[in-house]
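[1] Sequence first, then the predicted structure:
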Amino acid sequence: MPDQKNILVVSAHAADFVWRAGGAIALYASRCYRVRILCLSFGERGESQGAWKQPGMTIDRVKEIRRTESTRAAGILGAEIRFFDSGDYPIQPAQETIEAMVMEYRELQPEFVLTHSFLDPYNPDHPTANRITLETRVYAQALGYPAPGKPLDAPPVFLFEPHQPEQCEFKPQVLLDVTPVWETKHKAMESMEAQTHLWEYYTDLGKRRGTQAVRNGGSKKIKYAEAFQRVYPQVTDQLSWANRSYSAKFAAPIPTSFALSASRASQPSMKHRAEQVSCGLTCVPSIRTRNSRAWQSQFPASPATIS
């Protein structure tokens with residue numbers, strides 16, 4: 001469809017996108033966005049413990065298991081997936097992979113991009129995926145880069161939550177309500193049979209982030225959420241507080257804006273408002289706020305809650 005909007009997700013390993021952004025993927029697929037996942041590695045060495053416990057396992061067999069699991073999970077979420085097989089522990093992308101990712105950017109012209117955090121002392125492949133995602137985004141913007149297609153504009157990039165957020169210096173600036181698609185995400189997680197030990201962990205994490213979403217002004221109907229952190233600033237001409245009613249979306253063309261959900265009863269006193277600037281992704285223009293304008297900032301003290 002020529003008017004269809006696209007989303008790009010760059011995952012270091014075969015399961016990362018499921019645990020960390022499966023809700024966002026399913027949510028936007030359900031809104032008729034085309035979601036394209038680029039998987040740099042099968043995670044055949046470091047993230048396939050269950051497979052390696054099987055007698056007679058080989059590296060090629062592990063790759064095939066992970067490909068099958070990941071393809072099944074992407075299908076459940078409603079996404080497309082492409083594998084680059086760039087090694088594992090460490091990921092070492094070839095120049096051909098870099099060029100292919102630039103072409104993916106230019107072909108898709110994504111509304112936004114999801115990838116890993118800048119830091120992860122537990123898994124160096126995750127920062128590598130972050131670096132490659134941001135570098136190829138810049139290359140895709142350059143008029144002189146030798147790749148076909150229209151140069152990329154400036155899609156926002158959001159970092160999904162790492163497994164150990166405190167050690168990765170991850171700050172949740174956005175809490176995305178994924179309650180409507182949680183069962184879909186959970187079904188996708190169950191596809192990752194080589195990492196069954198993570199099913200319960202990420203279910204508990206979704207519940208905790210859901211609780212935090214409600215606490216930060218979201219609807220009390222929120223049960224599950226995913227956390228994200230922005231990379232680049234948003235652009236706006238208005239700052240205003242939003243009321244309880246929220247109908248935010250996860251993306252729109254740059255410049256973007258969003259709405260913070262906060263009931264009047266939960267709004268802080270005037271002297272504390274400056275300390276509670278929050279940040280999110282984007283919202284529909286019709287969202288209701290006190291000044292009928294969307295509110296946003298790049299440097300939050302508490303996360304925004306959106307759907």
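    That came in fine, so what should we check first?
[2] Give me the contacts around stretch 161-172.
    Stretch 161-172 is contacted from outside by 19-20, 116-123, 126, 159, 201, 205, 209, 212, 226-229, 303, using Cβ atoms under 8 Å, 6 or more residues apart in numbering. Every C-beta, even on glycine, is put in place using the N, C-alpha and C of the backbone.
[3] Now, these that are in strands?
    Secondary structure from DSSP state E places Leu159, Glu226, Ala227, Phe228, Gln229 of those in strands.
[4] circling back: any of the contacts of stretch 161-172 buried? List them.
    Neighbour-count burial (16 or more other Cβ atoms under 10 Å) applied to the contacts of stretch 161-172 gives 19-20, 116-120, 123, 126, 159, 205, 209, 212, 226-229, 303.
[5] pLDDT weak spots in the stretch 151-300 of the chain?
    For the stretch 151-300 of the chain, the stretches with pLDDT under 70 are 240-300.
[6] can you tell me which of the ones in strands among the contacts of stretch 161-172 lies nearest to Glu111?
    Nearest to Glu111 among the ones in strands among the contacts of stretch 161-172, counting by Cβ to Cβ, is Phe228 at 14.2 Å.
[7] element containing Arg82?
    Secondary structure assigned from DSSP states H and E places Arg82 in strand 80-83.
[8] Can you list the buried residues in that strand?
    In strand 80-83, counting by 16+ other Cβ under 10 Å, buried: Ile81, Phe83.
[9] which outside residues touch whatever helix or strand comes next after that strand?
    Following strand 80-83 in sequence order, the next helix or strand is helix 95-108 (DSSP H and E). Identification of contacts with helix 95-108 by Cβ under 8 Å, 6+ apart yields 6, 8, 10, 34, 36, 38, 40, 82, 84, 86, 132-133, 135-137, 139-140, 145, 147-152.
[10] Could you pull out the helices in the chain for me?
    Per DSSP state H, the chain carries helices over the ranges 16-30, 49-52, 59-77, 95-108, 125-141, 182-189, 197-215, 270-273.
[11] sorry, back to before: so what touches the strand holding Arg82?
    If you take Cβ under 8 Å, 6+ apart as the criterion, strand 80-83 is touched by 14, 34-39, 42, 67, 70-71, 74, 104.
[12] Just the C-alpha atoms of that strand, please, in PDB.
    The C-alpha coordinates for strand 80-83 follow below in PDB (Å, rounded to 0.1, in the frame of the first residue of the first chain):
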ATOM      1  CA  GLU A  80       8.400  -9.000   8.700                       C
ATOM      2  CA  ILE A  81      11.900 -10.200   9.600                       C
ATOM      3  CA  ARG A  82      15.200 -10.300   7.900                       C
ATOM      4  CA  PHE A  83      18.300 -12.100   9.200                       C
END
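[13] So for it, mean pLDDT?
    For strand 80-83, mean pLDDT rounds to 98.
[14] From Cys32, how far off is the closest residue to Phe42 other than its chain neighbours?
    Once flanking residues are discounted, Phe42 sits nearest to Arg66: 4.1 Å by Cβ to Cβ, 6 or more residues apart in numbering. Distance from Arg66 to Cys32, counting by Cβ to Cβ, to the nearest Å: 29 Å.
[15] between those two, who's got more neighbours?
    A direct count of neighbours by other Cβ atoms under 10 Å for Arg66 and Cys32 places Arg66 higher, at 27 against 10.
[16] coming back round to it: ok, the contacts of strand 80-83 vs Lys221, which is closest?
    Proximity of the contacts of strand 80-83 to Lys221 was ranked by Cβ to Cβ; the top entry is Val35 with 24.4 Å.
[17] Next one, pLDDT for the closest one please.
    Per-residue pLDDT puts Val35 at 98.
[18] Would you list the phi and psi of the residue lying closest to it once chain neighbours are set aside?
    Leaving aside its sequence neighbours, Val35 sits nearest to Ala79 (Cβ to Cβ, 6+ apart; 4.0 Å). Recorded main-chain torsions at Ala79 are phi -120, psi 160, according to degrees, to the nearest 10.
[19] neighbours around Ala79, how many?
    When counting by other Cβ under 10 Å, one arrives at 23 neighbours for Ala79.
[20] Just list the residues touching it, thanks.
    By Cβ under 8 Å, 6+ apart, Ala79 lies in contact with Val9, Ile25, Ala29, Val35, Arg36, Ile37.
[21] Wait, the third one touches Gly78, no?
    Yes: under the criterion of Cβ atoms under 8 Å, Ala29 lies in contact with Gly78, with a separation of 2.9 Å.
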